[in-house]
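Undergrad: Just the structure for this:
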Amino acid sequence: MPRVFTYMIMLGGEGLRAASEHAVLNANYIQARLRDTYTIPYDRICMHEFVAEGHWEDASGIHALDISKRLMDFGIHPPTNYFPLIVPEALMIEPTETESKETLDVFADTMIKIAEEARTNPELLQTAPHNTPFGRLDEVKAARELVLCCWLPEEQEG
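TA: The predicted structure follows:
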């Protein structure tokens, strides 16, 4: 709450309005860029977010999670997966108000590239991410076999 309050005070009324307008503009720009590549079930002018489907009939076996994991290979933080529940293989895309057009274009170009990879080399997505120390984690196993522990640097152990 203090961060949010500080951000609001720093921007002021006019700044908050401008930031909100920029977030809406960014979301609509990305939606327009991805419209021909991804199914957008509620394809209309959006507010600060929109939802795309992360699967295609001609790329069977690919899921929203595969797309998100592949985005990590490009250094892009993945969108929210599987929400809202009424959209199959949902990818909720929410570009922030601070993203530049260049950053938005990199994201859109990468999403389009991943869609092509889904059709031509689906294993690339299904085994992503490839550039992390642990590779692809098993989220189902992690949820079912929850292990919570505290890691301390060697000098603090004891």
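Undergrad: and the particular helix or strand that has Lys141 in it, what does it pack onto?
TA: Lys141 is located in helix 139-144, with elements delineated by DSSP states H and E. Packing contacts for helix 139-144, counted by 3 or more C-beta pairs under 8 Å, 6 or more residues apart in numbering; DSSP states H and E, involve no helix or strand. From N, CA and C alone the C-beta is placed, and that goes for glycine too.
Undergrad: Give me the mean pLDDT for it.
TA: Within the predicted structure, the mean pLDDT of helix 139-144 is 85.
Undergrad: Verify the stated contact: Ile45 with Leu25.
TA: No. Under the criterion of C-beta atoms under 8 Å, Ile45 makes no contact with Leu25, lying 10.7 Å away.
Undergrad: Have a look at these two and say which one is more surrounded.
TA: A count of neighbours by other C-beta atoms under 10 Å puts Leu25 above the other of Ile45 and Leu25, at 15 against 10.
Undergrad: And that one, how far from Ala115?
TA: Separation of Leu25 from Ala115 (C-beta to C-beta, to the nearest Å) stands at 23 Å.
Undergrad: what does Leu104 give?
TA: To Ala115, Leu104 is 17 Å away according to C-beta to C-beta.
Undergrad: quick check: longest helix of this protein.
TA: Across the chain, the helix with the greatest residue count (assigned by DSSP state H) is helix 2-34.
Undergrad: quick one: Leu104 is in a helix?
TA: Yes. Assigned with DSSP: H, G, I helix; E, B strand; the rest coil, Leu104 falls within a helix.
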